[in-house]
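[1] here's a sequence, model it:
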Amino acid sequence: MSEPGPRAFRRFRLNWKTKAAAFRAFDSLPAGERLYYLTQRYITRTLPRDLVHQGRWPFEHGQTFRRHFAGDLASARLFELGAGWDLYSNLVQWCYGVNHQLVVDISRLIRLDLLNRVIRYLREHPPSGFVRVPETPLTEPVVASLEQLYGIRYVAPADARRTGLVSASVDLVCTTSVLEHIPATALADIMRECRRLCHAGSVISHVVDYSDHYAHSDASISFYNFLRFSDEEWTPYNPPIHYQNRLRHFEYGQLFAEAGFEAVAQTIVRPDGAAEVAAAIPRSARFRAMTLDQLTPLTGHWVLRPR
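    Next up, the predicted model:
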């Protein structure tokens, strides 16, 4: 399918190499994560999230679970990794009737004001299909309030490769624009752990952003810009706080299959003119043998089930 690319949501112009240097500096500082948040909040203004234009995928997760999960969502156990600053997806799943959620993240990112902004938005703009809307704002301590009011257990920092959960104890799994930030080796470990947690009836919904994320705030480069770099050349621009594994859609398919999943459905978002833009990039050896069809997806939605 085709739709307008992420270029439509660029709200700030910042040279990508300058941004990479800032991320490297953040990684070296004890307060780097705080500085990263402040940069997104007050400089690039990517926080708070644009809930109107960038809010599609949490609803896709909810609709996916309703279509493919044979059990009762009210008693289902959902696992999400890397839910970010505002837990938008988790609050949406609560609105769809999911009562039991475990969210793990490598760092504790949630912010009370961003969470309550999402709650207010969902209360004021309930889409069709919701079984309920959130009425009560969260209070401190926010982690306890989340679990008490909305059944969302938030654990961070946590290692998604080793959750300690009982095997076959999870019914639903979802991620949104998270997997592309995980090194391939660690990602394979996480997928194997997810497979261990799932049972035959589990449903998995992953949304992956395959674009060069620096292009979201620098219109001088394309969303395929990082294809020109070898792994060695890319390393200086790829600090842990903004890591991008550069895996393409078909490579995720291979990774999921190796972990023990099969695809029930796939959605590929590829903007108009993508092939021409990607063809103009002088690609590194890592990407040179790939076809334009393999290279050009910018977003993928995977619906999986255990094999």
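[2] list of residues touching stretch 137-150?
    For stretch 137-150, contacts defined as C-beta atoms under 8 Å, 6 or more residues apart in numbering pick out 87, 90-91, 94, 101, 110, 112, 115-116, 119-120, 134, 136, 152-154. Glycine gets a C-beta too; all of them are placed from N, C-alpha and C.
[3] of the residues you listed, buried ones?
    87, 90-91, 94, 101, 110, 112, 115-116, 119, 134, 152, 154 (16 or more other C-beta atoms under 10 Å).
[4] in helices, which of the residues you listed fall?
    Here DSSP state H is the test, and the buried ones among the contacts of stretch 137-150 give 90-91, 94, 112, 115-116, 119 as lying in helices.
[5] identify the residue nearest H242 in space, chain neighbours excluded?
    F23 (4.4 Å; C-beta to C-beta, 6 or more residues apart in numbering).
[6] tell me what whichever strand or helix holds the one you found is packed against?
    F23 is part of helix 16-28 when elements are defined by DSSP states H and E. Packing partners of helix 16-28 (3 or more C-beta pairs under 8 Å, 6 or more residues apart in numbering; DSSP states H and E): helix 32-42.
[7] sort out which residues of the following helix or strand past the helix it packs on are buried, please.
    Reading on from helix 32-42 to the C-terminus, the next helix or strand found by DSSP H and E is helix 56-68. Of all the residues in helix 56-68, those buried under the rule 16+ other C-beta under 10 Å are 57-62, 64-65, 68.
[8] hmm, back to that, take the buried ones among the contacts of stretch 137-150 and write them to a markdown table, including distance to Y214.
    A markdown table is the format used below for the buried ones among the contacts of stretch 137-150 (distance: C-beta to C-beta, whole Å):
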| residue | distance to Y214 |
| --- | --- |
| L87 | 26 |
| N90 | 28 |
| L91 | 29 |
| W94 | 33 |
| Q101 | 32 |
| I110 | 25 |
| L112 | 30 |
| L115 | 28 |
| N116 | 31 |
| I119 | 32 |
| P134 | 34 |
| I152 | 32 |
| Y154 | 29 |
